[in-house]
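> missing the sequence, but the structure's below:
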């Protein structure tokens with residue numbers, strides 16, 4: 001009987017020891033993963049550790065409060081410099097203006113260098129000018145300095161199907177252009193004044209930030225895009241290269257060690273209110289046996305929705321169809 005009791009006690013002790021070491025093992029694995037993440041992946045370096053911050057500006061630029069708040073946090077972090085990696089055709093004028101202003105505030109606290117990875121056109125170039133120094137890949141695209149106001153006009157289509165849209169307005173220029181009626185000369189002049197005003201602001205920004213002469217300003221602000229190589233000669237960029245070129249400039253001009261790790265800062269991602277439609281496009285294609293085009297439809301639908309959500313004045317480069 002005594003032997004049985006001793007065996008039971010020993011087994012209980014063994015189980016407790018096993019449970020203890022299991023817990024320790026799990027905690028060790030969790031700690032290893034966490035530490036490994038901080039060591040291996042630059043984006044997981046602690047903000048309190050000295051590092052070079054990287055932010056990514058890609059796709060359509062719109063107003064983004066979370067991004068502005070993130071830039072403000074970077075300004076208060078232990079980042080020694082900031083790299084702005086850009087691949088964007090632009091977006092809304094107000095979104096580009098907001099991003100530019102936030103980058104200029106950040107540049108008052110940290111050295112900021114922009115790297116054009118693929119494209120910094122229109123509003124994307126406005127963002128690049130928020131940096132102290134612009135580096136572009138040799139065949140990257142910069143420029144498209146200009147403003148556009150686009151709207152569809154379906155007057156003729158509605159007329160063919162017998163539909164007339166009528167309105168009662170407080171004044172002739174209220175809610176114009178509306179796309180349901182021919183645009184009057186007065187409405188066109190009013191919209192043109194908005195474009196001219198924003199375009200003047202954009203050109204003034206280029207003149208001030210890039211220090212170009214009036215003659216060259218006229219040349220680079222006619223709306224076209226340039227390669228990074230062309231942009232160097234036109235003073236739109238400071239160097240041709242990549243992120244390593246940017247790090248070398250930070251070391252040479254700002255004393256920021258090239259040995260510092262890079263941490264990619266990101267905002268919290270929010271799902272699109274139209275994500276269901278994008279998913280449906282791909283699902284339907286796959287269900288009908290067209291798996292090869294499912295991915296394409298998903299990307300194309302997302303692109304169309306991104307553009308559909310843009311309104312107001314745009315600083316956006318559009319390739320001819």
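Good, I have the coordinates. For clarity, every value in this text was computed on a predicted model and none was experimentally measured. Residues are numbered from 1 along each chain as shown.
> Verify the contact between residue 73 and residue 48 for me.
No: the pair residue 73 and residue 48 does not pass the contact test of CB atoms under 8 Å, sitting 11.7 Å apart. From N, CA and C alone the C-beta is placed, and that goes for glycine too.
> Quick check on the two: which one has the bigger neighbour count.
residue 73 (13 against 8; other CB atoms under 10 Å).
> mind listing what the more buried one touches?
47, 265 (CB atoms under 8 Å, 6 or more residues apart in numbering).
> element containing it?
Taking DSSP states H and E as the criterion, residue 73 maps to helix 65-76.
> Any buried residues in that helix, and which?
67, 68, 70, 71, 74, 75 (16 or more other CB atoms under 10 Å).
> got the angle for the helix or strand just after it vs helix 65-76?
Scanning forward in sequence from helix 65-76 by DSSP H and E, the next helix or strand is strand 79-92. Using axes from the mean of the first three to the mean of the last three CA atoms, to 10 degrees, the inter-axis angle of strand 79-92 relative to helix 65-76 is 160 degrees.
> So which elements touch strand 79-92?
Where contact means 3 or more CB pairs under 8 Å, 6 or more residues apart in numbering; DSSP states H and E, strand 79-92 is packed against strand 51-61, helix 93-107, strand 112-121, helix 123-128, helix 243-254, strand 314-316.
> Most tightly packed of these?
helix 123-128 (a mean of 30; mean count of other CB atoms under 10 Å).
> Quick one: list the elements packing against that helix.
strand 51-61, strand 79-92, helix 93-107, strand 112-121, strand 141-143, strand 314-316.
> let's go with 6 Å and repeat that
Contacts defined by 3 or more CB pairs under 6 Å, 6 or more residues apart in numbering; DSSP states H and E place helix 123-128 against strand 79-92, helix 93-107.
> quick one: contacts of that helix?
57, 61, 86, 88, 90-91, 96, 99-100, 114, 120, 134, 142, 315 (CB atoms under 6 Å, 6 or more residues apart in numbering).
> for the record, mean pLDDT for the helix or strand following that helix?
For helix 123-128, the following helix or strand on the C-terminal side (DSSP H and E) is strand 133-136. Averaged over strand 133-136, pLDDT sits at 98.
> Tell me how many other residues crowd residue 158.
With other CB under 10 Å as criterion, residue 158 counts 15.
> tell me which element it falls in.
Counting by DSSP H and E, residue 158 is part of helix 155-160.
> which residues are contacting that helix?
Contacts of helix 155-160 (CB under 6 Å, 6+ apart): residue 182.
> circling back: just name the closest of the contacts of helix 123-128 to residue 197, please.
Distance to residue 197, by CB to CB, is smallest for residue 315 among those, at 13.0 Å.
> So residue 256 versus residue 160, what's the distance?
Separation of residue 256 from residue 160 (CB to CB, to the nearest Å) stands at 63 Å.
> ok, now residue 56?
For residue 56 relative to residue 160 (CB to CB), the value is 46 Å.
> Now do the one helix or strand residue 231 maps to, average pLDDT.
In the assignment (DSSP H and E), residue 231 maps to helix 228-233. Average pLDDT, helix 228-233: 97.
> Show me which positions of it end up buried.
Under 16+ other CB under 10 Å, the buried positions of helix 228-233 are 228, 230, 231, 232.
> Direction included, what does the next helix or strand after that helix pair up with?
Scanning forward in sequence from helix 228-233 by DSSP H and E, the next helix or strand is strand 239-240. Neighbouring strands of strand 239-240 in its sheet, by DSSP bridges, are strand 133-136 (parallel).
> Lovely, talk soon.
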